[in-house]
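1. can't give you the sequence, but here's the structure:
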């Protein structure tokens, strides 16, 4: 494993690189870090070069005065690819990271070969009302309790450790804002895999609508599967949104999607596999 910081868009974006092969960028969920993703990182790194990222204000990527938005964080991923001299990658995001991955794919589609969205809706209304209410309550007033989260613990190492409550205010504001990316989702040119838990915080109705936007589940595929959509949907039994990160099935499902000849773009992966070495870790 190698690690480093990329100076992108006003922040120092921490990342770790595992394995060899075609690149895959993996983005964590809200208030978690690469550490909690290891159950997915390690299996995926057996077949791919996995670039695991910690987004703005998470883990070792310290928050700054920069506002928070999913669009900006999507731009951060594109900038990281430029920094690592990766022309094109497969992109996987979980929850908060899924929203960041969606925005990266929308705004920088030429850099994304395939997109995997795990437990993240295309519109805020896709979350159950209780989940929307909970996200809206995130703020500085919860800082003391949130210090027990992985990101809270890492914030003690930031150049400005007292910034954590302010960061929570920005997170809460961003997650309270309404959005609906359906028009952009329908235009995505790359194959997309959607992965949800059967007891997720995103409604099953929304999950079906998401798949339909990608052309999935709209018609009978034919007994020879000649009319399969290029996108895929997986619903994994026995998990909720909050423990889905422990699922060993998820990396297996992602690996199967990436190996499916029907999801491999005609250009192949040769050009995308040229990944520059990570810089030495610095503070």
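-> Yep, it's here. Everything quoted here is computed from the prediction, not taken from an experiment.
2. residue 98 sits in which helix or strand?
-> In this assignment (DSSP states H and E), residue 98 forms part of helix 96-107.
3. how about that helix: buried residues?
-> For helix 96-107, burial by neighbour count (16 or more other CB atoms under 10 Å) applies to 96-107. Yep, even glycine has a C-beta here, placed from its N, CA and C like the rest.
4. again, but for stretch 78-88
-> Neighbour counts over stretch 78-88 (16+ other CB under 10 Å) mark 78-81, 83-84, 86, 88 as buried.
5. contacting residues for the residue nearest to the spatial centre of the chain?
-> Nearest to the geometric centre of the chain sits residue 93, at 1.7 Å (CA atoms, centre = their mean). Listed by CB atoms under 8 Å, 6 or more residues apart in numbering, the contact set of residue 93 reads 26-27, 99-102, 116-118, 120.
6. can you classify it by secondary structure?
-> Counting by DSSP: H, G, I helix; E, B strand; the rest coil, the backbone at residue 93 sits in strand.
7. just to revisit the earlier point, go through the contacts of residue 93 and say which is closest to residue 65.
-> Closest approach between those and residue 65, by CB to CB: residue 100, at 19.6 Å.
8. wait, isn't the closest one in contact with residue 27?
-> Yes. With contacts counted by CB atoms under 8 Å, residue 100 reaches residue 27, the gap being 5.4 Å.
9. state the distance from residue 177 to residue 78.
-> 21 Å (CB to CB, to the nearest Å).
10. try residue 212
-> Distance, residue 212 to residue 78, using CB to CB: 27 Å.
11. next up, phi/psi of residue 264, please.
-> phi -90, psi 120 (degrees, to the nearest 10).
12. try residue 60
-> Residue 60 adopts backbone torsions of phi -90, psi 0, taken as degrees, to the nearest 10.
13. shouldn't it be in contact with residue 54?
-> Yes. At 5.6 Å, residue 60 counts as touching residue 54 under the criterion of CB under 8 Å.
14. quickly list what's touching both of those two.
-> Counting by CB under 8 Å, 6+ apart, the residues touching both residue 60 and residue 54 are 14, 33.
15. which residues touch residue 117?
-> So residue 117 contacts 93, 98, 101-102, 192-195, 210 (CB under 8 Å, 6+ apart).
16. show me where this protein has its strands.
-> Under the criterion DSSP state E, the chain contains strands at 2-8, 11-18, 23-27, 49-54, 89-94, 112-118, 192-199, 232-240.
17. turn those strands into JSON lines, columns for mean pLDDT.
-> Output for these, formatted as JSON lines (pLDDT from 0 to 100):
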{"stretch": "strand 2-8", "mean pLDDT": "97"}
{"stretch": "strand 11-18", "mean pLDDT": "98"}
{"stretch": "strand 23-27", "mean pLDDT": "98"}
{"stretch": "strand 49-54", "mean pLDDT": "98"}
{"stretch": "strand 89-94", "mean pLDDT": "98"}
{"stretch": "strand 112-118", "mean pLDDT": "98"}
{"stretch": "strand 192-199", "mean pLDDT": "98"}
{"stretch": "strand 232-240", "mean pLDDT": "98"}
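18. just name the most buried of these.
-> Greatest average neighbour count among the strands of the chain goes to strand 89-94 (a mean of 29), per mean count of other CB atoms under 10 Å.
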